[in-house]
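>>> here you go, sequence then predicted model.
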Protein chains: 2
Amino acid sequence: MVLAACIILLPFGLTLVERVEFMPTSLDTLKEKGRRLRIHSLIATTEAGSGHPSSCLSAADVASVVFFNEMRFDPEDPHNPANDRFILSKGHAAPLLYAAYVEAGIIPEKEILTLRHLDSDLEGHPTPRIPWVDVATGSLGQGLSAGLGNALAAQMDGLAYNTYVLLGDGECAEGSVWEAAALASYYKASNLYAVIDVNGLGQSQHTMDRFDVNRFAEKFRAFGWFALTVDGHNYVDIVEAFEKCRRDGNSLPRVIVAKTVKGKGVSMLENREGWHGKPLPRADLDKALNELSQPFASDVFRPNPRPRPAVLPGRAEGSIEITVNRKLGELVATREAYGDALVKLADKDTRIVALDGDTKNSTYSEKLMKARQDRFLEMFIAEQNMVGVAMGLSARGKIPFVSTFAAFLTRAHDQIRMAGVSRSNLKFCGSHSGVSIGEDGPSQMGLEDLAMFRPVPGSIILYPCDAVSTERLMAEAARWHGICYIRTTRSKTPVLYSNEVLFPIGGSKVLRRSERDCVTVVAAGITAHEALKAASQLEAENTPIRVIDAYSVKPIDGVGLLNAAKDTGGRIVVVEDHYVEGGLGDAVLNAVGNRARVVKLAIREIPRSGPSEALLDKYGINSKHIVDAVKKLM
Amino acid sequence: MVLAACIILLPFGLTLVERVEFMPTSLDTLKEKGRRLRIHSLIATTEAGSGHPSSCLSAADVASVVFFNEMRFDPEDPHNPANDRFILSKGHAAPLLYAAYVEAGIIPEKEILTLRHLDSDLEGHPTPRIPWVDVATGSLGQGLSAGLGNALAAQMDGLAYNTYVLLGDGECAEGSVWEAAALASYYKASNLYAVIDVNGLGQSQHTMDRFDVNRFAEKFRAFGWFALTVDGHNYVDIVEAFEKCRRDGNSLPRVIVAKTVKGKGVSMLENREGWHGKPLPRADLDKALNELSQPFASDVFRPNPRPRPAVLPGRAEGSIEITVNRKLGELVATREAYGDALVKLADKDTRIVALDGDTKNSTYSEKLMKARQDRFLEMFIAEQNMVGVAMGLSARGKIPFVSTFAAFLTRAHDQIRMAGVSRSNLKFCGSHSGVSIGEDGPSQMGLEDLAMFRPVPGSIILYPCDAVSTERLMAEAARWHGICYIRTTRSKTPVLYSNEVLFPIGGSKVLRRSERDCVTVVAAGITAHEALKAASQLEAENTPIRVIDAYSVKPIDGVGLLNAAKDTGGRIVVVEDHYVEGGLGDAVLNAVGNRARVVKLAIREIPRSGPSEALLDKYGINSKHIVDAVKKLM
């Protein structure tokens, strides 16, 4: 038994000394586990008729050491907050993960034979349908960010667990890996361990750096990591490397770069191209298993869980409510109201944290940073990692609010997609939406953000037009579990609603109505104000219109829209500061179908730089164009 | 005068020896240019009332050396293929770029006063409305990829020009920078120069690595670059660094890491937080200009253009036609037909090149690699850089076909967005679309790709259902200038069309029709085959339906759809292997508006792993569900 004192440095001011008791697993037991991980992986994939056994075999030995010598977890309790975490970034090696669950006693052995069945949670790539899986993987290069999210959550909560991330070598070509690497070093995430399985072969050919494990190590060192290289099939090497990490890793995140052989253990697969993503044919399985038939003198594996922490990370009791205090007509940018609400919500619920990509003085998330430094994470200009980290934080019970310019959230589209698959509890805020931002030009204008978030299953999309609705919708977002997108606007807009008005998800507001309304204008955000201007002008011309603030873009208020359409002769004009495809207009079209005639005013070309008002006019979404559209429709 | 022989190693087999004559610009002239770049930047941004002068000032000296001592270009001819290229990756320093154009004699001095005007091409961030700008920048971290695209085009074409990319330090947090760095080293892009302007300040606070220029250099060295650090305001240092790059850089890409001061030259701005993205108020401008009032003893700048190359990179004459040779009923995956067509098209047009992210054996772009190794670029698992490089290749006259799984194109959404702003001529192919891929599970299923490509202004989207239409549509894509997305399917599908059928962009095909059709079913790709099955079943039940193959999702065949709707009582069922938002269903809804009742069959939740046919059934898009929807609609 080895007794070690492990000092964990926390950037949030807390220093935590944990006495860790290591009961090392015998080398033969680890080898036996490795052998059995290989056998499960081969049988499961052949049985499934698809999968990636050769990618499992290269990593079986490092996985054995991580699971059965390094990690401390309670196989009976996936929800013990003190469990070490494991993320399989190379998600295609899912059978290896499931095999480890079998060998750890987490799932019964026969369950692995359900791999890739429609009714099985053992999917082709891991998803959180299994409670031990924090985030879905399979889109490569995302696991390290999620692992860093776990590690930062541990720091915030003062918990001693480590997070282990197993990466493939091929996926290290993904820039998101280096975004995570840089930030892990910046935040001194010494509770984060990465293992790189350098088997030298990608899907279609050799990897970029082949077996150059030193180059991998040098890259990580340059990014501020403690890095070691090992023979990934030598158990003494691997075990010692982890010990050395603990001894010499200081406050750095740690990486073990393991030189491995793809298909290791089965001669017909070893280091052969053309076997990626292919199971062994049934005819070859027995031969392969025969090569793995010699057991090692194994002890029974004894898990070594940490006790459940006495004090659990904070949870809010009951519903989150905030008070709103604005003056009607006051000019406030919705982005600024976002920051105000963030501070109020964080006061109410300790799970709420904010992340921003060096735009905090534009998105106003800096209000939270100034109010509560310990609940704010500066993520620098690396949006993919920002969302990946947020997924990890969400998996550990936080409610992350992630903000940047709406345009730059496209940078993290794949992570947002995977957050959907992961059923993460994430709130996104995209500021500077639309051409209304003005002179900075098209690269800075979020014009496809609604189209990006609408397809995420179960997502909700909120688009406030004033400070009151922003604050109310922020509380709705915080209360609701799942992916939520909040769209804010750069310009200041007048407060339209009184402080007590509520804005339920899926609702809408009628901003202007009369008995004689001839057309319904549906707007949101900046265009709600243009619609009101148009209504005043049209009223003066004795042509009253209905104006609807569709603050809930998804789910959209279908009933409200249809009622308005019915009252106004089935005539609808939708006006939005977004490209014409995929945004509010399409949401409205879907809601009303053939029960109304819908005319869409939206951006139809690449915009130019120019003053905000000139752009709203040039691209056809200001009050003048609304008036024209209404007249034309009548 | 220095006479140097410069050997350029080309990975495509060609070695090119160029005799370069350097006529060094005097240091005082360079300093004077630097002074004037600062003055222009300050005046232009104050005049515009917005912009990022402090970010221009830090980079003014390195920019002066690059433009007026290093680069060889003909100010009269932006289209000279031998011109060195410059990419301003830190696009917010656009006024500095425009100032350099003024000082190089490319644009008149007074034009810079139109900065950010609605009718000016001098936008807030650079766009290719200016012929000297290769790609739009402003979304940070993308310029190095585009520069690498230029550099690889030079290698392919045997041209001796260099590409210079100016990056900010903050944007080096973006992973895409490191994707580009790794690949530039892999392809020995010694004709690529990066300059990092390390001014230590981001938008909202200090950068991650502050002034640690050595860390930047170490990172680049670990990624295989020749890296030097300099004082970015010392002209002797900067000039020598470039000379050292040429002398000692061997076959490596070269980076100069310049330690600079944000706002350099204007004491009220120097190294001050809170000045990012803010012009000097008019009241302070004179004071600032006064600090820059001392001219240096300058010579007239004499550009040193390379002569236009005698042999220009290949261009196709006339229209690209290919012959198609399939058998009706033959089972061929559209992804395989994509590869076949790629080879035929590349035979016809030397501009066509293919890029793939280690999925070439799945997308079948490997067919081109096998046929013409010199027209294929393996980009490894780094989709952002793949698209960024393709933008650079497009800017240099290539027609890049970029392929990976449809799901993984989301990784490059921001680059795709910027390719739209750049008006790049890019063809994307997403294979493995939809749940029909089967057991690999949701992380691998492209279910939001149509929603992502539809909003790109001017984009076209083609979605073939068989091998003949795939090949024909590939030729359409190659002929058409702009962004095109081609969606292919994993499973084999029977050939439905005879070889001579044409598939114009914006058209559709009626696959089944009778005089008595009661419902129109609109399908594409895999669902076209399900719709035909449904039609046969319904016909047997004496309920004939119209089946439309909507192979052109954007532009959609509105006339064809409306005619079919008219013939079938205004009843339409749209069935697609895509999430219900943003795809074919929304395209159809937009086309028919209130002139038909549209029922959408599409994916409405996160799918599971399972056999392809079981998934089509479970998620409601197979023939059985089409039959049900038709019956319900009647």
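Good, I have the coordinates.
>>> name the residues of stretch A:284-292 that are buried.
A:Leu285, A:Ala288, A:Leu289, A:Leu292 (16 or more other C-beta atoms under 10 Å in any protein chain shown). Any C-beta I mention is one placed from the backbone N, CA and C, and that applies to glycine too.
>>> next, count neighbours for the residue in chain A that chain B sits nearest to.
Using C-beta to the nearest C-beta, A:Gly175 is the residue of chain A that sits closest to chain B, at 2.1 Å. A:Gly175 has 29 neighbours, counted by other C-beta atoms under 10 Å in any protein chain shown.
>>> for the one 5 residues further on, same thing?
By the criterion of other C-beta under 10 Å, A:Ala180 has 34 neighbours.
>>> so which elements touch the one helix or strand it maps to?
Assigned by DSSP states H and E, A:Ala180 belongs to helix A:175-186. For helix A:175-186, the elements it packs on are helix A:143-157, helix A:213-222, helix A:383-395, helix B:175-186, judged by 3 or more C-beta pairs under 8 Å, 6 or more residues apart in numbering or on different chains; DSSP states H and E.
>>> between that helix and helix A:383-395, how many degrees?
Relative orientation of helix A:175-186 versus helix A:383-395 (axes from the mean of the first three to the mean of the last three C-alpha atoms, to 10 degrees): 70 degrees.
>>> now the angle between helix B:143-157 and helix A:175-186, please.
Helix A:175-186 runs at 140 degrees relative to helix B:143-157, counting by the same axes, to 10 degrees.
>>> so does the helix or strand following helix A:175-186 get close to chain B?
Counting by DSSP H and E, the next helix or strand C-terminal to helix A:175-186 is strand A:192-198. No - judged by C-beta under 8 Å from any C-beta of the partner chain, strand A:192-198 stays clear of chain B, getting no closer than 13.6 Å.
>>> ok, and what's touching strand A:192-198?
A:55, A:58-59, A:62, A:66, A:70, A:90, A:144, A:147-148, A:150-151, A:162-169, A:172, A:184, A:207, A:209, A:211, A:213, A:216, A:220, A:225, A:232, A:242, A:245, A:253-260 (C-beta atoms under 8 Å, 6 or more residues apart in numbering or on different chains).
>>> adding secondary structure, write the buried residues of stretch A:284-292 out as CSV.
Below are these laid out as CSV (DSSP: H, G, I helix; E, B strand; the rest coil):
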residue, secondary structure
A:Leu285, helix
A:Ala288, helix
A:Leu289, helix
A:Leu292, coil
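>>> now the phi/psi pair for A:Ala382, please.
Here is the backbone geometry of A:Ala382 (degrees, to the nearest 10): phi -160, psi 80.
>>> near the residue nearest to it when sequence neighbours are not counted, how many other residues are there?
With sequence-adjacent residues excluded and distances taken as C-beta to C-beta, 6 or more residues apart in numbering or on different chains, A:Ala382 is closest to A:Glu179, at 3.8 Å. Neighbour count for A:Glu179, taken as other C-beta under 10 Å: 32.
>>> ok, A:Glu179 - contacts?
Shown in contact with A:Glu179 (C-beta under 8 Å, 6+ apart): A:Ser145, A:Ala382, A:Gln384, A:Asn385, B:Ala173, B:Glu174, B:Gly175.
>>> for the residue nearest to the third one when sequence neighbours are not counted, give its distance to A:Pro442.
Excluding its sequence neighbours, the residue lying closest to A:Gln384 (C-beta to C-beta, 6+ apart) is A:Ser176, at 4.2 Å. Using C-beta to C-beta, to the nearest Å, one obtains 25 Å as the distance from A:Ser176 to A:Pro442.
>>> more neighbours, those two?
Neighbour comparison, A:Ser176 and A:Pro442: the larger count goes to A:Ser176, with 33 against 28 (by other C-beta under 10 Å).
>>> which stretch of helix or strand covers A:Val353?
Going by DSSP H and E, A:Val353 is in strand A:352-356.
>>> look up how far A:Ala412 lies from the closest residue in space to the residue of chain A closest to chain B that isn't next to it in sequence.
For A:Gly175, ignoring the flanking residues on the chain, the nearest one in space by C-beta to C-beta, 6+ apart is B:Gly175 at 2.1 Å. In this view, B:Gly175 and A:Ala412 are 11 Å apart by C-beta to C-beta.
>>> what sits in contact with each of the two?
By C-beta under 8 Å, 6+ apart, the residues touching both B:Gly175 and A:Ala412 are A:Gln384.
>>> where are the low-confidence patches of the stretch 501-634 of chain A?
Within the stretch 501-634 of chain A, no stretch has pLDDT under 70.
>>> for it, which segments count as helices?
Counting by DSSP state H, counting those that start in this stretch, the stretch 501-634 of chain A has helices at residues A:526-540, A:558-567, A:584-592, A:612-618, A:623-633.
>>> where along the stretch 301-450 of chain A do the strands fall?
Counting by DSSP state E, counting those that start in this stretch, the stretch 301-450 of chain A has strands at residues A:331-333, A:352-356, A:376-378, A:399-405, A:427-431.
>>> ditto for the stretch 451-600 of chain A
According to DSSP E, counting those that start in this stretch, the strands that the stretch 451-600 of chain A contains are A:460-462, A:484-487, A:492-494, A:509-512, A:520-523, A:546-549, A:552-554, A:571-579, A:597-603.
>>> gap between the second one and the chain center?
Read it as strand A:484-487. With C-alpha atoms, centre = their mean, to the nearest Å as the basis, strand A:484-487 stands 14 Å off its chain's centre.
>>> can you tell if that strand touches chain B?
No - figure legend: strand A:484-487 not in contact with chain B (C-beta under 8 Å from any C-beta); closest approach 12.6 Å.
>>> and that strand, what does it pack against?
strand A:427-431, helix A:449-453, strand A:460-462, helix A:467-479.
>>> for it, give the mean pLDDT please.
Averaging pLDDT along strand A:484-487 yields 98.
>>> which residues of the stretch 501-634 of chain A lie near chain B?
Counting by C-beta under 8 Å from any C-beta, the positions of the stretch 501-634 of chain A adjacent to chain B are A:554, A:570, A:578-583, A:586, A:589-590, A:592-598, A:600, A:603-606, A:608-611, A:614-615, A:618.
>>> quick one on the thing from earlier: out of the helices and strands packed on strand A:484-487, which is the most enclosed?
Highest mean neighbour count of the helices and strands packed on strand A:484-487: helix A:449-453, a mean of 30 (counted as mean count of other C-beta atoms under 10 Å in any protein chain shown).
>>> got the end-to-end distance for stretch A:387-402?
One end of stretch A:387-402 sits 7 Å from the other (C-alpha to C-alpha, to the nearest Å).
>>> check the offset of it from the chain's centre.
On C-alpha atoms, centre = their mean, the centre of stretch A:387-402 falls 7 Å from the chain's centre.
>>> same check on stretch A:376-393?
Worked out by C-alpha atoms, centre = their mean, stretch A:376-393 lies 9 Å from the chain centre.
>>> would you turn the helices of the stretch 501-634 of chain A into JSON lines with mean neighbour count?
As requested, the helices of the stretch 501-634 of chain A are arranged in JSON lines below (neighbours: other C-beta atoms under 10 Å in any protein chain shown):
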{"stretch": "helix A:526-540", "mean neighbour count": "22"}
{"stretch": "helix A:558-567", "mean neighbour count": "18"}
{"stretch": "helix A:584-592", "mean neighbour count": "25"}
{"stretch": "helix A:612-618", "mean neighbour count": "20"}
{"stretch": "helix A:623-633", "mean neighbour count": "19"}
